[in-house]
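Asker: Based on what follows, work out the 3D shape:
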Amino acid sequence: MTITIAPPIVVVRRRIPAPAAELFEAWLNPEAMAQWMRPSKVHRTTATVDARVGGRYEIIMEMESRAIPHRGVYITIDPPKRLVFTWHSPYTGGRDTLVEVDFAASGDHTEVVVTHQQLPEDERTGHNEGWTSALEKLAQRYGKS
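Answerer: Take a look at the predicted model:
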């Protein structure tokens, strides 16, 4: 018998009344990211993006008492369907984790699915809350009701 232990995975979904291309672009545009990539208690975000496969990004989320850096490398950029990139922050156990973002267009809505893999077990809840909050802000900014 073989037992495989998979590292913790977080999957967050949000259906947004906006075109997939517009939402996809919001993930690669640093000015846009600075507006919506602000989970929970983050009051200011800055981002730099080299939007190409192998390109790097950096997102600094500023909270009341500190700034939290997030860095990674783009692995897949397939507009407007899929983004895959590494994610490294103080909350990833000192290692790169993997984020996949899928955009499924359906009529005038797009389902955005964030799958974050290889997380430390004790950071799973925080990342689930963070991605949920970020997608809510993405929907508020780009959703057309």
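Asker: could you pull out the strands for this protein?
Answerer: 10-16, 44-49, 56-62, 67-78, 82-87, 97-106, 109-117 (DSSP state E).
Asker: if we look at the second one, which residues are touching it?
Answerer: What it means is strand 44-49. Contact with strand 44-49 is made by 28-31, 33-35, 37-38, 55, 57-62, as judged by CB atoms under 8 Å, 6 or more residues apart in numbering. C-betas here are computed from N, CA, C, even on glycine.
Asker: ok, 7 Å please
Answerer: For strand 44-49, the external contacting residues (CB atoms under 7 Å, 6 or more residues apart in numbering) are L28, P30, M33, A34, M37, R38, Y57, E58, I59, I60, M61, E62.
Asker: ok, the first one - how many residues close by?
Answerer: L28 sits with 19 neighbouring residues when counted by other CB atoms under 10 Å.
Asker: Check the fourth one too.
Answerer: Each residue near A34 was counted by other CB under 10 Å, and the total is 17.
Asker: now do the fifth one
Answerer: By the measure other CB under 10 Å, the count of residues near M37 is 22.
Asker: Minimum distance to Y142: which of the strands of the chain has it?
Answerer: For these, proximity to Y142 was assessed by CB to CB; strand 10-16 is nearest, at 6.4 Å.
Asker: Output the contacting helices and strands for that closest one.
Answerer: strand 109-117, helix 124-142 (3 or more CB pairs under 7 Å, 6 or more residues apart in numbering; DSSP states H and E).
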